[in-house]
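>>> 3D, please:
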Amino acid sequence: MQALAMASLLVMAAIWGSTFFLIKDVVTRVPVTDMLVVRFALATAAVALVLGLRRQLVLTRDVVVPGTLLGLVFGAAQVLQTYGLERTSASISGFVTGLYVVITPLLTWVLLRHRVGTLTWVAVLLATLGLGVLSLDGFTVSPGALLTLASAVCYALHIVGLGRWSDPRTALSMTAVQLAVVTLVCLPPALLDGVQLPATAPDWGRVLYLALVAGALTMLLQTWAQSQVPATRAAVVMSMEPVFGALFAVALGGEVFTWRITVGGLSILAAMYLVELSPLLRRPRRGDPPVRHPEESGAGDRGGSWTLRS
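Below you'll find the model as predicted:
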């Protein structure tokens, strides 16, 4: 089950990586929040249809409350990331978004009081330097990179929350709740000047892909997979998203690899994998509790002593 969960996260990362240049193209013709409303409304409808046909909709407090909180955080991440993508390249957006793999263990330290090792702090510095190479233009920080960084924080919160609350038995219902809340988050700004729909068949095709594959399917994959693996491991696998994003942007989006993307991207990727290595390389200290393997601890443990490897 662990291997299937990891494979699901890798598939999700590849799908997400394919969306950067698509979104950047669509938002030149459809306003950001309008596109997001249409995208997530369609995704919600698709999941609701599946739940209705299977008669498996679960709307208990344990599903609705965390699903709503997670949807609010994910919705904020989507809005910030998409506005950021309007103001920076698809490759840079993909790499900066990937900083959630570094932010995730930091949030477990701040919110859950889990110790952060020295190597993790080194990874934070390395990732920050990489972000600077990617986003600094002289002495001016790119607004798009800053918005994308804020979205990365929201994505990290979403990963930590899913690691705590996801349950394989209610994964589909929690997916529906999250998607519905994301739609509601994006709706008010879209209604200010009326929701503009895609005007051409190719744009509708892109939006349908973003809704059904990169919306409904990826949310379901992540919600289920994170009931099987700890948040830190999930974040590391998901860090392949910016790699896929850069590959798709170069192969299909007409972008080229510059020295800034190469050096900054490699720095962030090194930071991502240093975070994963840090708990394996840290020497046990006197008084530390015994460390269990993620496979032994199980992400499905919903007890009060939930533990991440970091």
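
>>> quick check: what element follows whatever helix or strand Leu70 lives in along the chain?
Per DSSP states H and E: Leu70 is located in helix 61-86. Next along the chain after helix 61-86, taking DSSP H and E as the criterion, comes helix 90-97.

>>> contacts for that next one, please.
17, 20-21, 24, 81, 84-85, 88, 130-131, 134-135, 142, 144-145, 148-149, 151-152, 155, 241-246, 248-250, 253, 255, 257, 261, 264-265, 268 (CB atoms under 8 Å, 6 or more residues apart in numbering). From N, CA and C alone the C-beta is placed, and that goes for glycine too.

>>> how far out from the middle of the chain is the helix holding Leu70?
10 Å (CA atoms, centre = their mean, to the nearest Å).

>>> how about stretch 18-38?
On CA atoms, centre = their mean, the centre of stretch 18-38 falls 17 Å from that of its chain.

>>> output stretch 183-202 as CSV - backbone C-alpha positions only.
Presented in CSV, the C-alpha positions along stretch 183-202 are these (Å, rounded to 0.1, in the frame of the first residue of the first chain):
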residue,chain,number,x,y,z
THR,A,183,-14.8,27.0,-5.6
LEU,A,184,-16.4,29.2,-3.0
VAL,A,185,-13.1,30.8,-2.1
CYS,A,186,-12.6,31.8,-5.7
LEU,A,187,-16.2,32.8,-6.4
PRO,A,188,-16.5,36.3,-4.7
PRO,A,189,-13.7,38.1,-6.7
ALA,A,190,-14.9,36.4,-9.9
LEU,A,191,-18.4,37.7,-9.4
LEU,A,192,-17.2,41.4,-9.1
ASP,A,193,-17.3,41.7,-12.9
GLY,A,194,-19.2,38.6,-13.8
VAL,A,195,-17.7,35.1,-14.5
GLN,A,196,-16.1,35.0,-17.9
LEU,A,197,-16.2,31.5,-19.5
PRO,A,198,-13.6,30.2,-22.0
ALA,A,199,-14.6,31.4,-25.5
THR,A,200,-12.9,28.7,-27.7
ALA,A,201,-13.0,24.9,-27.9
PRO,A,202,-9.2,24.6,-27.2
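
>>> what pLDDT, on average, does that stretch get?
The average pLDDT for stretch 183-202 rounds to 91.

>>> mind listing what's buried along it?
For stretch 183-202, a neighbour-count test (16 or more other CB atoms under 10 Å) marks 183-187, 190, 195, 198 as buried.

>>> which outside residues touch it?
With contacts defined as CB under 8 Å, 6+ apart, stretch 183-202 is touched by 26, 29-31, 33-38, 40-41, 44, 71-72, 75-76, 78-79, 204, 206-207.
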